[in-house]
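>>> got a predicted model here, sequence first, then my questions.
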Amino acid sequence: ASSLTHSIRPRKSGPDESDENRLFPLVHENNFGTVGIDWTSRQVTLSLVSADDCGVAESRGAWPGECAAHNDTAGRVIQSVTLPIDQLR
């Protein structure tokens with residue numbers, strides 16, 4: 001699922017959608033994914049990149065603290081993992 005236009009706000013209580021397949025914590029800001037392939041080293045890099053500074057601030061009111069904390073960081077890599085191509089199936 002994409003979080004380019006509407007990310008999920010942090011929950012104060014209840015499940016956080018974790019399971020055994022999750023590699024990183026849930027991201028609570030608008031983002032998009034990139035795939036980088038290095039054919040020479042035979043590696044794939046999967047990244048989540050910040051799409052804007054405030055999540056869904058315009059549509060639901062500013063998130064206290066989150067918008068100020070981003071400080072114009074659109075384009076910043078939020079999470080990234082590099083895997084050998086030979087391990088992908």
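Nice, thanks for sending it over.

>>> would you map the strands across the chain?
Along the chain, counting by DSSP state E, strands occupy 31-38, 43-50, 77-84.

>>> please identify the buried residues of the second one?
Of all the residues in strand 43-50, those buried under the rule 16 or more other C-beta atoms under 10 Å are 44, 47-50. Using the backbone N, CA and C atoms, a C-beta is placed for each residue, glycine as well.

>>> closest to residue 31 among the residues you listed?
Within the buried residues of strand 43-50, the smallest distance to residue 31 is 4.7 Å, found for residue 48 (C-beta to C-beta).

>>> quick check: pLDDT value at that closest one.
Note on residue 48: pLDDT of 89.

>>> can you check residue 81 too?
On the pLDDT scale, residue 81 is placed at 92.

>>> how close does the residue nearest to it when sequence neighbours are not counted get to residue 33?
Spatial nearest neighbour of residue 81, excluding adjacent residues (C-beta to C-beta, 6 or more residues apart in numbering): residue 46 at 5.4 Å. Counting by C-beta to C-beta, to the nearest Å, the gap from residue 46 to residue 33 is 7 Å.

>>> looking at the chain, which helix or strand does the model trust least?
One helix or strand of the chain scores below all others by mean pLDDT, DSSP states H and E: helix 57-60, with a mean of 47.

>>> how about the strands of the chain, which one is nearest residue 20?
Taking C-beta to C-beta, strand 77-84 is the member of the strands of the chain nearest to residue 20, at 16.0 Å.
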